[in-house]
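**Q** pasting a predicted model and its sequence here:
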Amino acid sequence: MLEAAFPGSSQIQLLGMESVADIEIWSYAKANGCAIVTKDADFVEMSALFGHPPKVVWINLGNLPNAMVMNRLLNHASTISEFLAGEADGVMEIE
């Protein structure tokens, strides 16, 4: 369902990167023009330290089921797309 709203998106698991360090994910996203959508505040800290790209969409919702997280992303799809297209901000927080 996310692919329709966010064409070309993938998941760390599908990329075979589920066991790599966060900095490797950051480097991959930067090198490949990807944004990082995460519940992990470590990527927000990396953005403050290194700047962007990559951009970070921080899902700051606590421990919700994946279906609820997906619904929140879909409900914010246009706002997320605008954020990703913009130049100024490196982190978008979804609460």
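**A** Cool, got the structure. Residues are numbered from 1 along each chain as shown.

**Q** secondary structure class for V57?
**A** strand (DSSP: H, G, I helix; E, B strand; the rest coil).

**Q** so it sits right up against K39, yeah?
**A** No: judged on Cβ atoms under 8 Å, V57 makes no contact with K39 at a distance of 10.2 Å. All C-beta atoms are positioned from the backbone trio N, CA, C, and that covers glycine.

**Q** more crowded one of those two?
**A** Neighbour count, other Cβ atoms under 10 Å: between V57 and K39, V57 has more, with 20 against 14.

**Q** which strand residues bridge that one?
**A** V37, M92 (DSSP bridges).

**Q** and it, how far from I36?
**A** Applying Cβ to Cβ, to the nearest Å, one obtains 7 Å for the distance of V57 from I36.

**Q** spit out the residues that contact the two alike.
**A** Listed as contacting both V57 and I36 by Cβ atoms under 8 Å, 6 or more residues apart in numbering is no residue at all.

**Q** remind me which residues of this protein are low pLDDT?
**A** For the chain, applying pLDDT under 70 flags no range at all.

**Q** next one: stretch 79-91 to chain centre, how far?
**A** Remark: stretch 79-91 is offset 11 Å from the chain centroid, using Cα atoms, centre = their mean, to the nearest Å.

**Q** what comes up buried for it?
**A** Of the residues in stretch 79-91, those buried by neighbour count under the rule 16 or more other Cβ atoms under 10 Å are I80, F83, L84, G90, V91.

**Q** next one: the last one from L14, what distance?
**A** Going back to what we said before, that points to V91. As for V91, its distance to L14 is 24 Å (criterion: Cβ to Cβ).

**Q** distance check, the residue minimising distance to the centre of the chain against I25.
**A** Central residue of the chain (Cα atoms, centre = their mean): V37, 1.5 Å from the mean position. Plainly put, V37 is 11 Å away from I25 if you go by Cβ to Cβ.
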